[in-house]
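In: Here is a sequence with its predicted model. Questions after.
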Amino acid sequence: MVITKEIKVATKGNCEVINITEDINDAVMESGIKDGAVIVFNVGSTAGITMTEYEPGLVHHDIKAAFEKIAPENARYEHEETWHDDNGHSHIRATLLGPSLSVPLVGGRLTLGTWQQIILVDFDTRARTRTVICQVIGE
């Protein structure tokens, strides 16, 4: 069985980190599926999905600082030359993080560790509403 749920997430952009674990848990509970896998996918090319410990120092500073070293906001990007916009770094960062992840589902529960939360990181340069697709697959 496959159950798909679309989740809308309001973001501020600029490397905002949002804990979406509760939304994913809700989708799992609504699905009624007990054993299988959950796929979480961000629709769009300037945000990504991953897992981390959702704690203030990491999510409000360290993640942004790390991505600033890898793909600086003020660097020159061909993307910006082509499209005359300001989010070349957003695309690079999202590409490196990736748009999705999968989590095993056992006994109706996500198999997350004590300190693991599912997060959406919005790298774009403006606020927007993101669409996250949650597919619960199993029986």
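Out: Okay, I see it. Numbering: from 1, shown residues only.
In: got the contact list for Pro99?
Out: Applying CB atoms under 8 Å, 6 or more residues apart in numbering to Pro99 gives the contacts 41-42, 44-45, 47-49. The C-beta positions use only the backbone N, C-alpha and C, and glycine is treated the same way.
In: With Val2 instead?
Out: 135-137.
In: so how far is Arg93 from it?
Out: Separation of Val2 from Arg93 (CB to CB, to the nearest Å) stands at 30 Å.
In: for Gly13, same thing?
Out: 12 Å.
In: just Glu73 next, same as before
Out: 9 Å.
In: repeat for Gly36
Out: 31 Å.
In: out of the two, which sits in the busier spot?
Out: Neighbour count, other CB atoms under 10 Å: between Gly36 and Arg93, Arg93 has more, with 26 against 18.
In: so what pLDDT did that one get?
Out: Listed pLDDT for Arg93 reads 98.
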